[in-house]
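Q: sequence first, predicted model second:
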Protein chains: 2
Amino acid sequence: MLIVSYDISNDKVRTKFSKFLKKYGRRLQYSVFEIKNSQRILDLILVEVEKIFAKSFQNTDSILIFGMCEGCKKKVIRYGYAVNEESDLLFM
Amino acid sequence: MLIVSYDISNDKVRTKFSKFLKKYGRRLQYSVFEIKNSQRILDLILVEVEKIFAKSFQNTDSILIFGMCEGCKKKVIRYGYAVNEESDLLFM
């Protein structure tokens, strides 16, 4: 599982980025996506970020990508509103 | 390393939660914190969330806690603005 979280101040860029991520996974929070963990998809995201999104960053913008092994994936803890179906996430 | 990310719509509650997290780690993004990974701190956060914050959630609020093993921690990829010193985070 990949977790992609982002701070993108420009509305257009942020919307474009979330639409892009939606093709490869699902939204967990307002600016946090869970993405299918494959090298191909990770490479695709990295290329797209470097080619398109990083260029329009403003000075407080950032993107974080966390690769989660199966062990770490099982330890995810969530409180509150389930944005999407939660079959593989721990729900407390 | 623990990653705590949150969607909290109430300004007061959100501010209170970020101040609480700051005691145990550092802000990576607007609503994402890196927290020292110890069972004691994780337990403290879980108790505080259940005792105080989860009670004032509105229907789109949520908190996610990702436990990152050393292997996963080394694979974190970041683009853009470094909110804090980045000694142990990959910087691309």
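A: Structure's in. What do you need? Numbering: from 1, shown residues only, chains lettered A, B, ... in the order given.
Q: all strands of chain A, in order?
A: A:2-7, A:25-29, A:32-35, A:62-67, A:77-80, A:90-91 (DSSP state E).
Q: of the ones you listed, which is nearest residue B:51?
A: Between residue B:51 and the strands of chain A, the shortest gap by Cβ to Cβ is with strand A:77-80, which sits at 11.8 Å. For the C-beta atoms, the positions are set from N, CA and C on the backbone; glycine is no exception.
Q: partner strands of that closest one, parallel or antiparallel?
A: Its sheet considered, strand A:77-80 pairs with strand A:90-91 (parallel), strand B:62-67 (antiparallel) by DSSP bridges.
Q: what does chain A have sitting close to chain B?
A: A:3, A:5-7, A:28-32, A:46, A:49-50, A:53-54, A:57, A:59-69, A:71-72, A:75-83, A:92 (Cβ under 8 Å from any Cβ of the partner chain).
Q: bridged to residue A:66, which residues?
A: Under the criterion used here (DSSP bridges), residue A:66 is bridged to residue A:3.
Q: so who does it touch?
A: Residue A:66 makes contact with A:2, A:3, A:4, A:5, B:3, B:66, B:68, B:72, B:75, B:76, according to Cβ atoms under 8 Å, 6 or more residues apart in numbering or on different chains.
Q: ok, 10 Å please
A: A:1-5, A:32, A:35, A:72, B:1, B:3, B:5, B:32, B:66, B:68, B:72-73, B:75-78 (Cβ atoms under 10 Å, 6 or more residues apart in numbering or on different chains).
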